[in-house]
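Need a 3D model of the sequence below.
(4 chains)
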2 protein chains.
Amino acid sequence: MKQTAAPAFDDGLKLSAWLPYRLFLVAAQVARPLERFYGETFGLSQAGWRILAVIAERDAANASEIGRACALDPFAVSRGIGQLTELGFAVRRSGKSDRRFAAVSITRSGRAAFNRIAALGSAIEARLLARLSESERTILDSALTRLEGESARIDADGWRALRDDAGAP
Amino acid sequence: MKQTAAPAFDDGLKLSAWLPYRLFLVAAQVARPLERFYGETFGLSQAGWRILAVIAERDAANASEIGRACALDPFAVSRGIGQLTELGFAVRRSGKSDRRFAAVSITRSGRAAFNRIAALGSAIEARLLARLSESERTILDSALTRLEGESARIDADGWRALRDDAGAP
DNA sequence: TGATATGCTTGCACTTTGCAATTAACTATG
DNA sequence: CATAGTTAATTGCAAAGTGCAAGCATATCA
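I've put the predicted structure just below:
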């Protein structure tokens, strides 16, 4: 059968108006300059930065805690920690009671790097928040909390559950 | 110098409360099941899906229009179109007036695939929106419009501009 | 008719990712 | 106190994705 340009009707999904795409777009556009900065300056990957941010706020985390805190699978966490230790930004010591759990901590120079990256991160957030009113910020905050919960459920349920929602396409 | 676990103060950035990360998290969690679906079902990549969505709503787009519409660079667009044509979801014809511009159109089966993916996409969006009140949706919509604009500017300005904002870290 | 610019594509090196298999450490059981 | 089973983390490798230089076709200008 010859392939032809097809005139036809659509599901009404318009990419630029589809909520998940809009969220993605803001996140991606804003992440790019930051990523460039820590990539060029420290040779840090995205996963590395996320892990660095996690261990900057809790001391002696193990890999699965880190993974949970920044939505990375164990492989990515392991590699990210490897990168951070090579850069001298983190140290692994094996856990006290159970030595399967590596206790990962940030180093002095890791914290210095974190602070420099976080300063840019905060500047980005500030520029975004400057476009919102006080009440919009409050509403966005509480809405995002619910969206985080629902999106986690959607992810966990998988697409088969969605197909049933949608009336089995 | 020996690397040691470092007790110290921080920039206040907490990953889980940082707006860009929160937006990213929702977008990523929600994208995963959809990606799995179109990957397993059609062998489509993320870029492929975005392009498919774009050519589903405008007929005979050229590569740079597509790129602008879904935030992909020309390389990614070219490869994505390649994938779509291999799958029989799109056709390239060379443009009428200027033959450097290839006119890309969706095919009948491309539209069928789009409709099935879009049904899931709409189901996802519906589940997210169900967690918001009517007024929250309105506010989120208008807030996102401004955030999209600001994030595009942040991206365009690059990180050096941010450093100046932040007080030169 | 060059010379230059533009839109797009291709090839190639590099990085990231997904997954199976492995190691190491702990736990429960006969 | 073996030993079989579980859990946390790591490693190796193939596949997929990305970034960039160079290339090709077309168009425009001098």
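
quick one: secondary structure of the closest residue to DNA strand C within chain A?
Of all residues in chain A, residue A:99 sits closest to DNA strand C, at 3.6 Å by C-beta to the nearest atom of the strand. (Each C-beta comes from the backbone N, C-alpha and C, glycine too.) Recorded secondary structure, residue A:99: coil (DSSP: H, G, I helix; E, B strand; the rest coil).

can you tell me which residues contact it?
If a contact means C-beta atoms under 8 Å, 6 or more residues apart in numbering or on different chains, then residue A:99 has no contacts.

roughly how far apart are it and chain B?
Residue A:99 sits 17 Å away from chain B, going by C-beta to the nearest C-beta, to the nearest Å.

go on, residue A:72?
For residue A:72, the distance to chain B equals 11 Å [C-beta to the nearest C-beta].

Quick one: residues contacting that residue.
When contacts are counted by C-beta under 8 Å, 6+ apart, residue A:72 touches A:47, A:50, A:51, A:66, A:80.

my guess is the second one meets residue B:16, correct?
Read that as residue A:50. No: look at residue A:50 against residue B:16 with C-beta atoms under 8 Å: they stay out of range, at 10.6 Å.

For the two, work out which one has more neighbours and name it.
Ranked by neighbour count (other C-beta atoms under 10 Å in any protein chain shown), residue A:50 and residue B:16 place residue A:50 first, with 22 against 14.

can you list the residues that contact whichever strand or helix holds residue A:82?
In the assignment (DSSP states H and E), residue A:82 maps to helix A:74-86. Applying C-beta under 8 Å, 6+ apart, the external contacts of helix A:74-86 come out as A:44-45, A:47-48, A:50-52, A:55, A:63-64, A:66-67, A:72, A:90-92, A:102, A:104, A:110.

Need the buried ones from the residues you listed selected in PyMOL.
The PyMOL selection below is limited to those of these classed as buried (16 or more other C-beta atoms under 10 Å in any protein chain shown):
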select buried, chain A and resi 44+45+47+48+50+51+52+55+63+66+67+72+90+91+102+104+110
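
Now, the contacts of helix A:74-86 that are in strands?
Among the contacts of helix A:74-86, DSSP state E puts A:90, A:91, A:92, A:102, A:104 in strands.

For the residues you listed, could you give me JSON lines that also reports distance to residue B:161 and pLDDT?
Compiled in JSON lines, the ones in strands among the contacts of helix A:74-86 are given as follows (distance: C-beta to C-beta, whole Å; pLDDT from 0 to 100):
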{"residue": "A:90", "distance to residue B:161": "30", "pLDDT": "96"}
{"residue": "A:91", "distance to residue B:161": "34", "pLDDT": "95"}
{"residue": "A:92", "distance to residue B:161": "37", "pLDDT": "93"}
{"residue": "A:102", "distance to residue B:161": "39", "pLDDT": "89"}
{"residue": "A:104", "distance to residue B:161": "33", "pLDDT": "95"}
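
at contact distance from DNA strand C, anything in the lowest-mean-pLDDT helix or strand in chain A?
Of all regular secondary-structure elements in chain A, judged by mean pLDDT, DSSP states H and E, the least confident is helix A:159-166 with a mean of 84. No: looking at helix A:159-166 against DNA strand C by C-beta under 7 Å from any atom of the strand, there are no contacts, and the closest approach is 14.2 Å.

That helix near chain B at all?
Yes: counting by C-beta under 8 Å from any C-beta of the partner chain, contacts between helix A:159-166 and chain B involve A:159, A:162, A:163, A:165, A:166.

Return the distance of that helix from the chain's centre.
Distance of helix A:159-166 from the chain centroid (C-alpha atoms, centre = their mean, to the nearest Å) equals 25 Å.

who does that helix touch, helix- and strand-wise?
Applying 3 or more C-beta pairs under 8 Å, 6 or more residues apart in numbering or on different chains; DSSP states H and E, one finds that helix A:159-166 makes contact with helix B:19-42, helix B:108-129.

Mind putting those into TSV with distance to DNA strand D and mean pLDDT?
Output for these, formatted as TSV (distance: least, C-beta to the nearest atom of the strand, whole Å; pLDDT from 0 to 100):
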stretch	distance to DNA strand D	mean pLDDT
helix B:19-42	7	96
helix B:108-129	15	96
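
a markdown table for these, including distance to residue A:35?
Formatted as a markdown table, the helices and strands packed on helix A:159-166 follow (distance: least, C-beta to C-beta, whole Å):
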| stretch | distance to residue A:35 |
| --- | --- |
| helix B:19-42 | 11 |
| helix B:108-129 | 26 |
